[in-house]
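Participant: For reference, the sequence and a predicted model appear below.
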Amino acid sequence: MSERVSALRNRETGGSVQVRDAGLRGMITLRGDLSNGKLASVVKSVTGLKLPACNGVVQDGDTGIAWMSPDELLVMVAYDDVPEALDKIAKALSGQHHLAVNVSDARSVMLLQGSFVREVVAKLAPVDLHPDVWQPGQIIRSRLGQVAAAFWLVDEATVQVICFRSVADYAFDLLAASAKAGPVGHFARGT
Amino acid sequence: MLILNCPYCGRDVDETDLHAGGEAHLKRFGPGSSDDEFEHYLFMRENPKGVHFERWRHVYGCGKWFLAARNTATLQVYGTYSAQTTEPPQHILDAIKEAQA
C-alpha cells in the first residue's frame, strides 16, 4: 500500500503563535437533510457527538462534527475509521437523498496555538473575529488570503484551520507569516 | 465595501466572500414562449439608479444563493431574504418604504 502522508508533512513553526500540521485526519462531507433524525443518529453513532447548531462545531479530540451549510456537515473521525463510518452512513441513510464522501485526502488541517491566534487569523480573513462575534465552538467559512478555508476556535489560544490540500502550503506560509509578524493589539480582550 | 447578511447561515459577509448573480425575480421563458419573451428573459436586465433586487451567492461560506434588496446609488442595504421567493417579501418592501419616507 502506498504511504499516506498529509499535505504539509508535519511542518511546524516556532514562535509565540505556533502553526503546525495536524496530520492525517479522517473527514467525511455529509450532505442531506440535517433535520432528519436518522442522519443525526448515524452521525452520533459514528462520532459519539450530537449535531452542532447552525455555525457550530462539536469536537472531542480528532473526532468532531462541523456545520458547513444548512444541508452539509463535515464529519471528522480517525483517518483509518473512514471506510467503516461511510458504510454505516450508507446503511442508515439508504434510500434517502444524501451524499457522503471521503474527503480526508482532499483537505489539510492545521493547528494554531498561542496567545494571539485570533489576530493571526483576523489579519488574513475578511470577517469580523471580535470576541463578541467569534467564540470557541463556532466555525467560520471564509478566505485566508486568496484561498477558501474554514476555521474555529478550540479555546481562546487554539484555532483549527481546514483548507483544500492543493493550497495547504500557501495557507501554511500565510499563517506562519502572520504569526511571525506579531500581534496588532486590535482586540481589546482575547488577544 | 458591501456587507450582506446571509439569511442561511446568519453571518455578516463581506462582498469579497460573495458572488454576484445579477437581477433577482426573473421569470423564465423557455420552449413555447414567444421570441420577444425569450429575448427579454435572456438579455434584458434592469439597471436602475436606486432600489435594486439582486441575487448573491455566499460562495466562500455556506454556498447558498440568497436575494438582497439594496440601493445602487446610496449603497444602502434594505435587507436580504430567501431565494425561494418569487417577489420581494413584505418586510423588505416596508424597509424600502421607510427608507424613502
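Facilitator: Good, I have the coordinates.

Participant: From here on, just use CA atoms for contacts and neighbour counts.
Facilitator: OK.

Participant: Would you map the helices across chain B?
Facilitator: B:35-43, B:90-100 (DSSP state H).

Participant: Just the residues contacting the last one, thanks.
Facilitator: Read it as helix B:90-100. Residues from elsewhere that reach helix B:90-100, judged by C-alpha atoms under 8 Å, 6 or more residues apart in numbering or on different chains: B:51, B:69, B:78-80.

Participant: Quick check: the residue lying farthest from the centre of chain B vs residue A:78, distance?
Facilitator: Of all residues in chain B, residue B:32 has its C-alpha farthest from the mean position, at 27.2 Å, by C-alpha atoms, centre = their mean. Per C-alpha to C-alpha, to the nearest Å, residue B:32 is found 55 Å from residue A:78.

Participant: do residue A:31 as well
Facilitator: 20 Å.

Participant: ok, and for stretch A:26-39, which residues are buried?
Facilitator: For stretch A:26-39, the neighbour count (16 or more other C-alpha atoms under 10 Å in any protein chain shown) marks A:26-34, A:39 as buried.

Participant: Which single one of the contacts of helix B:90-100 is nearest to residue B:11?
Facilitator: Nearest to residue B:11 among the contacts of helix B:90-100 is residue B:80, at 11.5 Å by C-alpha to C-alpha.

Participant: That closest one against residue B:5, yeah?
Facilitator: Yes. Between residue B:80 and residue B:5 there is a contact at 6.5 Å, judged by C-alpha atoms under 8 Å.

Participant: more neighbours, these two?
Facilitator: The neighbour count for residue B:80 versus residue B:5, taken as other C-alpha atoms under 10 Å in any protein chain shown, is higher for residue B:80 (23 against 18).

Participant: who in chain B is up against chain A?
Facilitator: B:8-9, B:12-14, B:16-17, B:60-64 (C-alpha under 8 Å from any C-alpha of the partner chain).

Participant: Now, these that are in strands?
Facilitator: Taking DSSP state E as the definition of strands, the residues of chain B next to chain A contribute B:12-14.

Participant: Out of the residues you listed, grab the one that's most surrounded.
Facilitator: residue B:13 (21 neighbours).

Participant: Just to check, it is in contact with residue B:1?
Facilitator: No. Using C-alpha under 8 Å, residue B:13 is not in contact with residue B:1; the gap is 10.6 Å.

Participant: residue boundaries of the helices in chain A?
Facilitator: A:37-47, A:82-92, A:117-122, A:168-180.

Participant: Report the mean per-residue pLDDT for the third one.
Facilitator: The average of the pLDDT scores along helix A:117-122 is 95.

Participant: do the first one as well
Facilitator: Predicted confidence along helix A:37-47 averages 96 (mean pLDDT).

Participant: Chain B contacts on chain A?
Facilitator: A:54-55, A:68-70, A:126-127, A:140-143, A:148.
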